[in-house]
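Trainee: I'd like to go over a predicted model; first the sequence, then the structure.
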Amino acid sequence: MNDDINYETFIFLSNKKFKISVIETNNSKIVYEEKKFIDNNNNFLEFEKFNNFLDDNIFKIEKRIRDFVKDVYLIIETEAFISTQVSIKNNNNGNLLTSSNLSYSINEAKDHCFKSLTQEKIIHIIINKYNIDNKDYQNLPINIKCNIFILDLTFICLPKAFIKDLENIMKKYQISISQTLSSRYIESVFGGNDQDLFKKARQLIEGFNENEVILNKKINKKKGFFEKFFNFFS
């Protein structure tokens, strides 16, 4: 067991390809990487083939790093993702717009999403726009007072049954899912950047998009606005 080196494991899965990469966290060195192209004529993920892919690689990884793979980040490309837009309006009575005001509003929108999409799990929450006293902002202004503010949000979700199937596969190897990410969302943030997908995912996990609400606590090199001030989705 190697106590001096920490690793992060990323897995990409789609209906056409699986890829796994293990990265040494202190220097971003890739210590193990493998991919497999899938002969698949439909748009559905082949869970049995994914299980076989893990079976072929997890032991090799653990032998390479001399430690167990305990958790992974999943980057998924699938038509199963759905996006829904929600606008939430609140009266701020001329007071300073604070993190607690915003967290209350986002939680309110999240609860509405849960009630409307009972079979879905929220994967990403993105603030698309702030409307503060009828003026639009792409990012939150600092030290602003207002009467009315509106948040335009996008919730990116996956079916709970889909997530459960993946969790059951990972449990066979005693691995938990640290975080699930949409590959299309990742690419939408970085545009034409030809950087490796896993490196892009790592930047998002570390708070690259300040308008994404971080859904889990994690000590990062760079923290996004909502992780630094809210931490309400732990």
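Mentor: All right, it came through fine.
Trainee: Give me the spatial nearest neighbour of the residue nearest in space to the middle of the chain, chain neighbours excluded.
Mentor: With distances taken as Cα atoms, centre = their mean, residue 181 lies nearest the centre of the chain, 3.7 Å away. Using Cβ to Cβ, 6 or more residues apart in numbering and skipping residues adjacent in sequence, the residue nearest residue 181 is residue 75, 5.0 Å away. Using the backbone N, CA and C atoms, a C-beta is placed for each residue, glycine as well.
Trainee: and stretch 139-150, how far out from the chain's middle?
Mentor: 26 Å (Cα atoms, centre = their mean, to the nearest Å).
Trainee: Could you do stretch 144-151 as well?
Mentor: With Cα atoms, centre = their mean, you get 28 Å for stretch 144-151.
Trainee: Need the residues that contact it.
Mentor: Residues outside stretch 144-151 that contact it (Cβ atoms under 8 Å, 6 or more residues apart in numbering): 87-97, 101-102, 105-106, 109, 127, 129-134.
Trainee: quick one on the thing from earlier: got the phi and psi for the residue nearest to residue 181?
Mentor: Dihedral angles of residue 75 (phi, psi; degrees, to the nearest 10) stand at phi -110, psi 120.
Trainee: count of residues packed around it?
Mentor: Neighbourhood size, residue 75 [other Cβ atoms under 10 Å]: 24.
Trainee: Helix or strand with the lowest mean pLDDT in this protein?
Mentor: The helix or strand of the chain with the lowest confidence, counting by mean pLDDT, DSSP states H and E, is helix 225-229 at a mean of 46.
Trainee: about what we covered before: name only those of the contacts of stretch 144-151 that count as buried.
Mentor: 88, 90, 92, 97, 101-102, 105-106, 109, 127, 130-132 (16 or more other Cβ atoms under 10 Å).
Trainee: Okay, and which of those residues map to strands?
Mentor: 88, 90, 92, 127, 130, 131, 132 (DSSP state E).
Trainee: these two touch, right, the last one and residue 101?
Mentor: Which is residue 132. No - counting by Cβ atoms under 8 Å, residue 132 stays clear of residue 101, with 10.9 Å between them.
Trainee: which residue ranges form the strands in the chain?
Mentor: So, for the chain - with DSSP E - the strands run 7-13, 17-24, 29-37, 71-76, 82-96, 120-132, 135-137, 145-159, 176-182, 212-213.
Trainee: Which elements pack onto the fifth one?
Mentor: Contacts defined by 3 or more Cβ pairs under 8 Å, 6 or more residues apart in numbering; DSSP states H and E place strand 82-96 against helix 99-116, strand 145-159.
Trainee: Sheet-wise, list the partners of the shortest one with their directions.
Mentor: In this case it means strand 145-159. strand 82-96 (antiparallel), strand 120-132 (antiparallel) (DSSP bridges).
Trainee: Which positions are bridged to residue 179 in the beta structure?
Mentor: Counting by DSSP bridges, residue 179 is bridged to residue 73.
Trainee: need the contact list for it.
Mentor: Applying Cβ under 8 Å, 6+ apart, the residues contacting residue 179 are 73, 74, 205, 215, 216.
Trainee: Using CSV, lay out those residues together with pLDDT.
Mentor: Shown next, in CSV, are the contacts of residue 179 (pLDDT from 0 to 100):
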residue, pLDDT
73, 97
74, 97
205, 92
215, 73
216, 61
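Trainee: Filter these down to the buried ones, PyMOL style.
Mentor: Restricted to buried positions by 16+ other Cβ under 10 Å, the PyMOL selection for these reads:
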select buried, resi 73+74+205+215
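Trainee: wait, which of the contacts of residue 179 is closest to residue 170?
Mentor: residue 74 (8.6 Å; Cβ to Cβ).
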